[in-house]
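K.L.:
Provided below are the primary sequence and the corresponding predicted coordinates.
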Amino acid sequence: MVWDIIGPVLIILFTGTAAWGIIGYFQRDLYPLIVGAVAELLICYIFGSSIGKLLLIVPLLQLGLAGFIIYKKINIYKKEASE
């Protein structure tokens, strides 16, 4: 009975944090990507026995995007320093 309420709420939170991460990517902001990925990893852990393994790809992709943004920011600073 409790999972009938908690399950859909967690799925809505998962979707919301995924959307927040996408918005953060387009704004080139690391905070929504990293915090959202950690929250999604927690939700994946809660759903681990059912759909958690399938949902795990979303936070992993968000962490990869965060790494890409960090890489791009480092290259921008290197180009500015060399000029």
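P.N.:
It's in.

K.L.:
Any idea which helix or strand in the protein has the lowest mean pLDDT?
P.N.:
helix 52-55 (a mean of 81; mean pLDDT, DSSP states H and E).

K.L.:
Tell me the helices and strands packed up against that helix.
P.N.:
If contacts are counted by 3 or more C-beta pairs under 8 Å, 6 or more residues apart in numbering; DSSP states H and E, helix 52-55 sits against helix 30-46. Yep, even glycine has a C-beta here, placed from its N, CA and C like the rest.

K.L.:
which residues are contacting the helix it packs on?
P.N.:
Contacts with helix 30-46, where a contact means C-beta atoms under 8 Å, 6 or more residues apart in numbering, come from 10, 13-14, 17-18, 20-21, 23-25, 52-53, 55-56, 58-60, 62-63, 65-66, 69-70.

K.L.:
returning to what we had before: continuing past the least confident helix or strand of the chain, what's the next helix or strand?
P.N.:
Using DSSP states H and E, the next helix or strand after helix 52-55 towards the C-terminus is helix 57-82.
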